[in-house]
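Q: Fold the stuff below for me.
(one chain, ligands or ions: 1)
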Amino acid sequence: MLHFEQVSLQFPSVPEPTLRSCTFKVEAGELVVILGPSGCGKTTLLKLVNRLYEPTSGQISLNGKGIHTLPLTTLRRQMGYVIQQAGLFPHMTIAQNIAVVPKLLGWPKTEIAARVEELLELVQLPQAFGKRYPSQLSGGQQQRVGLARALAAKPEVLLMDEPFGALDAITRKSLQQELQQLQQQFKKTILFVSHDIEEALRLADRILILNQGHLVQYGTPWQILTQPASAFVEALVGTEDVLKQLSVLSVERVMVTTASSVPHLPKIANHGTLRDALSMLLKSGQSQLQVMNGTDAVGILDLNHIQTVWQDPTHFDGG
Ligand SMILES: Nc1ncnc2c1ncn2[C@@H]1O[C@H](COP(=O)(O)OP(=O)(O)OP(=O)(O)O)[C@@H](O)[C@H]1O
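A: Residues are numbered from 1 along each chain as shown. Now for the predicted structure:
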């Protein structure tokens, strides 16, 4: 859906290029986290996608069309942008903030009101908040409004620049979970800038790692953790950490498939992570878990299976 081909950007005032020949593809419905140290070019890459910046060379295409050939309004209409600290207009109510883009697009009033109502519900804010002003909301609530505003005109692509960076750890985790739920429901194509490794491992379908404007690795969290492309990636991501590896592998990848049910075993969902499974095994003192898909027993996970991953992570291809 989104394709960067040999994209470079050189600001006239900066001696070194900020992005150097970056090539990658993002499939529709994928959440890609852009990770890297401060100043490596993460925000710049995002700004190229909605043409706040133009590349010095190379091409970016969306659904097969060069974005430079699209009228700017057509392009930006397809993209929601969420930034750190939400960037809400302070003099507008929450409802007016959410309605900004639909209003610009000339939606009828009743349709806008219905959409605002729907979005407040979607980001789990009370309807009464629509009448409040941003300063009357907590940081986490403002960030929810920022997300609602970005989703308002149903964009195909979401650009998220450290959206949860300024929040405390607990609020951040709950917003990450909400984003995951929204993503399961709507399958937007999301580019998400972060410098939080745990956040990247939790959210990403794929992680794109930048260093000084170079794309140094692009792969699933599992690939990044188990086959780091360089010492830089190893150090950035902390690949030696086995618990991290277990946190990106799902139970169903490793379990033994069987429909037979063992009633006394603790139950874990098939999409749970091996890290969750390990802590459940340790807490319960059992050596096996019953794996469930909803209410159906679908397999058994044994402590030995987790140990196999531990001993030879390259045996698995992630997922
Ligand atoms: N408009 C601009 N003009 C000149 N230089 C710029 C401009 N925008 C960004 N830069 C430079 O490009 C480099 C990359 O900036 P960018 O904001 O993309 O980094 P980042 O990886 O997002 O960093 P951080 O994690 O600190 O937000 C920096 O050296 C920055 O100073």
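Q: and stretch 75-86, what's its mean pLDDT?
A: The average pLDDT within stretch 75-86 is 83.
Q: again with stretch 294-307
A: Stretch 294-307 shows a mean pLDDT of 88.
Q: Report the separation between the two terminal residues of it.
A: 26 Å (CA to CA, to the nearest Å).
Q: Stretch 32-52 too?
A: 20 Å.
Q: Might one say that Tyr53 is in contact with Leu45?
A: No. Counting by CB atoms under 8 Å, Tyr53 sits too far from Leu45 to count as a contact (9.1 Å). Where C-beta positions appear, they are placed from N, C-alpha and C, glycine not excepted.
Q: the more surrounded of the two?
A: Between Tyr53 and Leu45, counting by other CB atoms under 10 Å, Leu45 is the more crowded of the two (27 against 17).
Q: Please tell me I have it right and that one contacts Ile209.
A: No. Counting by CB under 8 Å, Leu45 sits too far from Ile209 to count as a contact (11.6 Å).
Q: Looking at the stretch 151-300 of the chain, which residue is nearest the ligand?
A: His195 (5.4 Å; CB to the nearest ligand atom).
Q: quick one: contacts for that residue?
A: Leu35, Gly36, Pro37, Ser38, Lys42, Glu162, Gly165 (CB atoms under 8 Å, 6 or more residues apart in numbering).
Q: Would you format the residues you listed as JSON lines with distance to the ligand, pLDDT and secondary structure included?
A: Formatted as JSON lines, the contacts of His195 follow (distance: CB to the nearest ligand atom, whole Å; pLDDT from 0 to 100; DSSP: H, G, I helix; E, B strand; the rest coil):
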{"residue": "Leu35", "distance to the ligand": "9", "pLDDT": "93", "secondary structure": "strand"}
{"residue": "Gly36", "distance to the ligand": "6", "pLDDT": "91", "secondary structure": "coil"}
{"residue": "Pro37", "distance to the ligand": "7", "pLDDT": "87", "secondary structure": "coil"}
{"residue": "Ser38", "distance to the ligand": "3", "pLDDT": "87", "secondary structure": "coil"}
{"residue": "Lys42", "distance to the ligand": "4", "pLDDT": "93", "secondary structure": "helix"}
{"residue": "Glu162", "distance to the ligand": "7", "pLDDT": "90", "secondary structure": "coil"}
{"residue": "Gly165", "distance to the ligand": "9", "pLDDT": "82", "secondary structure": "coil"}
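Q: In PyMOL, how would I select just the buried ones from these?
A: Command for PyMOL that selects the buried part of these, burial taken from 16 or more other CB atoms under 10 Å:
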select buried, resi 35+36+42+162+165
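Q: and the contacts of His195 as TSV, adding distance to Arg77?
A: Below are those laid out as TSV (distance: CB to CB, whole Å):
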residue	distance to Arg77
Leu35	28
Gly36	29
Pro37	33
Ser38	31
Lys42	24
Glu162	24
Gly165	26
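Q: now, which of the contacts of His195 sits nearest Phe186?
A: Distances from Phe186 to the contacts of His195, taken as CB to CB, are shortest for Glu162 (21.3 Å).
Q: With adjacent residues omitted, what lies nearest to that closest one?
A: Closest residue to Glu162 apart from its sequence neighbours, by CB to CB, 6 or more residues apart in numbering: Gln84 at 4.6 Å.
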